[in-house]
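*Asks:* this one's structure only:
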Ligand code: ADP
Ligand code: MG
């Protein structure tokens, strides 16, 4: 037992199904060949008619009784007297090896001598020794154990055949695993993963049931909420009305999908209790504060807490909006609802601190996170085992951002376009791959290029990720700037309403999720906008597809496809769980089936 545990640890596996999913990389088949196929492995009965030793090499001539006594010769290289004895004239053997033909003579070089005929033995490629992994499989993979994991008889039968086949035809078709087995493996993989996640979800009772009326807010809005906004608000209403379980929800919606309205509706529900919202930057917090003031009924007291600014009003406020500065306030009032905007922009440490802030006692506030990084639907389905997930896949109004790849030869045209936009009092953002010159990147850096732009344009602003004054530069640019030069790190969520043109230099180096985030910077106010992907290799299928795709959730799916086909990743997107059989881009229905099964098992 203890020994098995060690082996499981070495294999890094944690469940019976993890073990069952270690599929043999190949099989050794010792059933006798029915036909002689040159160039393939053959297993043949063979009788020695003569053998001779020359220079330490043993040469044996056989006849094949099952094939009209055809002759076959073999050479054994490293031999001992034991071999000479074994292959004495008149002895019979079953030999296995690659069958060759040389001038009409059959040959197998260095054949294996087979003791047990008619066996199919799985070969596993793991960190363990062959005998170790085989003993684990033999010990734990049984019909009884597989059934008790909740698999059905078809799935159990398939796994048993994969690990204990009687003949090759049971498992292989045209040299690879049968398609129906692959479908089953996909299912088992999804099911196993979901099952583990479900075990990890922990829930706590909520501080209060929140049932405030959203009507005063919704009815005073200058627009109708989209049906998806309404759906998410309904999801949250259900969450917040419970006390047995504090809400734990993630709302995922593309940039511009209108998540702020969902935040404000949730604040209404929480009344007369307090809500807290944490945003990743002061600018964003300020923007949210302004929106809250604009759209919430005047009776709702809203307070702002950012570094270097707080008027103490947060102690009495109904809705406190802040940055991580909130985490350092010791006299934060108790809040019934805690929200995090752009949650993916917070570091692990800050999230941990918020967790502590949120879980003072056994009862917890309702907790809702908002993310602007669309994830594939399949991933959302997986993650919904750990926390509830709502997706907003539509935006309130069509945004027109013409996306196009361009190369060096298009530069004069690009310059004309930039001048044109600037003359219309619009703004331009140019994203460079690096701050400083580097021999590894075949593009100009921010430092190398800034002179060029500053000579030709007024009001050129420059910032980058490590720039301490980044927020100030952005604020000033928003008011006075024409052209902003930056690196990718500037994908903060602040809106620049006059921004209508973005150029991404070296676009092929970036992941699609990042490109999409960057493109989301322009056209926020319905102004016609452009996104130019500048590349030395503009003929890229990946970039073309990106140009044609506007919905973030479709981009996320595209990204999966290209990633699976081995395309570059820039590491800025969370690398989701990797699966051996399951294709996260295509196998939505498999995950759905696995979820249904899990539901049946648990209830
Ligand atoms: P997100 O936070 O999801 O990126 P915002 O909440 O900032 O998006 O919304 C983007 C813009 O859309 C804002 O100007 C907002 O006022 C507007 N908006 C939100 N919901 C609607 C709606 N239902 N109809 C029209 N405009 C909307
Ligand atoms: Mg937002």
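*Replies:* Cool, got the structure. Bear in mind the structure is a predicted one, so any value in this text is a computation, not a measurement. Ligands and ions are numbered 1, 2, ... in the order given.

*Asks:* shaky segments in the stretch 1-150 of the chain?
*Replies:* Applying pLDDT under 70 to the stretch 1-150 of the chain flags residues 1.

*Asks:* show me what residue of the stretch 51-200 of the chain gets nearest to ligand 1.
*Replies:* residue 197 (26.6 Å; CB to the nearest ligand atom). Where C-beta positions appear, they are placed from N, C-alpha and C, glycine not excepted.

*Asks:* was I right about that residue contacting residue 385?
*Replies:* Yes: proximity of residue 197 to residue 385 meets the contact threshold set by CB atoms under 8 Å, at 3.7 Å.

*Asks:* hmm, back to that, for the residue of the stretch 51-200 of the chain closest to ligand 1, helix, strand, or coil?
*Replies:* helix (DSSP: H, G, I helix; E, B strand; the rest coil).

*Asks:* circling back to that earlier point, between residue 197 and residue 385, which one's more packed in?
*Replies:* More neighbours surround residue 385 than the other of residue 197 and residue 385, with 19 against 16 (other CB atoms under 10 Å).

*Asks:* per-residue pLDDT, that one?
*Replies:* At residue 385, the model reports a pLDDT of 88.

*Asks:* strands of the stretch 101-250 of the chain, residue ranges please.
*Replies:* 105-109, 112-113, 120-123, 172-173, 176-177, 248-253 (DSSP state E, counting those that start in this stretch).

*Asks:* mind listing what the third one pairs with, with the direction of each?
*Replies:* This points to strand 120-123. Using DSSP bridges, the strands paired with strand 120-123 are strand 26-29 (antiparallel).

*Asks:* show residues contacting the partner strand.
*Replies:* 43, 119, 120, 121, 122, 123, 165, 167, 168, 171, 172 (CB atoms under 8 Å, 6 or more residues apart in numbering).

*Asks:* among those, name the buried ones.
*Replies:* Among the contacts of strand 26-29, those buried by neighbour count (16 or more other CB atoms under 10 Å) are 43, 120, 122, 165, 171, 172.

*Asks:* list the contacts for the nearest residue to the third one once chain neighbours are set aside?
*Replies:* By that I understand residue 122. In space, and not counting its chain neighbours, residue 122 is closest to residue 24: 3.5 Å by CB to CB, 6 or more residues apart in numbering. Contacts for residue 24 (CB under 8 Å, 6+ apart) come out as 122, 123, 124, 162, 163.

*Asks:* need those in JSON lines (columns: distance to residue 427).
*Replies:* Formatted as JSON lines, these follow (distance: CB to CB, whole Å):
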{"residue": "122", "distance to residue 427": "63"}
{"residue": "123", "distance to residue 427": "62"}
{"residue": "124", "distance to residue 427": "59"}
{"residue": "162", "distance to residue 427": "59"}
{"residue": "163", "distance to residue 427": "62"}
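
*Asks:* closest to residue 67 among those residues?
*Replies:* residue 123 (27.7 Å; CB to CB).

*Asks:* okay, now residue 159: neighbour count?
*Replies:* Neighbour tally, residue 159, other CB under 10 Å: 24.

*Asks:* could you check how far it is from residue 152?
*Replies:* Between residue 159 and residue 152 the distance is 11 Å, computed by CB to CB, to the nearest Å.

*Asks:* what's the answer for residue 506, then?
*Replies:* To residue 152, residue 506 is 51 Å away according to CB to CB.

*Asks:* one more: residue 13?
*Replies:* 22 Å.

*Asks:* which residue ranges make up each domain of this structure?
*Replies:* Domain assignment for the chain, taken from automatic domain parsing, gives 2-25+122-177, 41-113, 215-392, 401-549.

*Asks:* between these, which gets nearest to ligand 1?
*Replies:* That would be domain 215-392 among these, by CB to the nearest ligand atom, at 3.1 Å.

*Asks:* contacts for the worst-scoring helix or strand of the chain on mean pLDDT, please.
*Replies:* Sorting the helices and strands of the chain by mean pLDDT, DSSP states H and E puts helix 348-358 at the bottom, at a mean of 74. With CB under 8 Å, 6+ apart as the test, helix 348-358 has contacts from 278, 324, 326, 327, 332, 338, 340, 343, 346, 364, 365, 367.

*Asks:* just put those residues in CSV and tack on secondary structure, neighbour count and distance to ligand 1.
*Replies:* Compiled in CSV, the contacts of helix 348-358 are given as follows (DSSP: H, G, I helix; E, B strand; the rest coil; neighbours: other CB atoms under 10 Å; distance: CB to the nearest ligand atom, whole Å):
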residue, secondary structure, neighbour count, distance to ligand 1
278, strand, 26, 14
324, helix, 22, 19
326, helix, 23, 19
327, helix, 16, 22
332, coil, 17, 24
338, strand, 26, 18
340, strand, 23, 13
343, helix, 21, 12
346, coil, 20, 16
364, strand, 20, 25
365, coil, 27, 22
367, strand, 22, 18
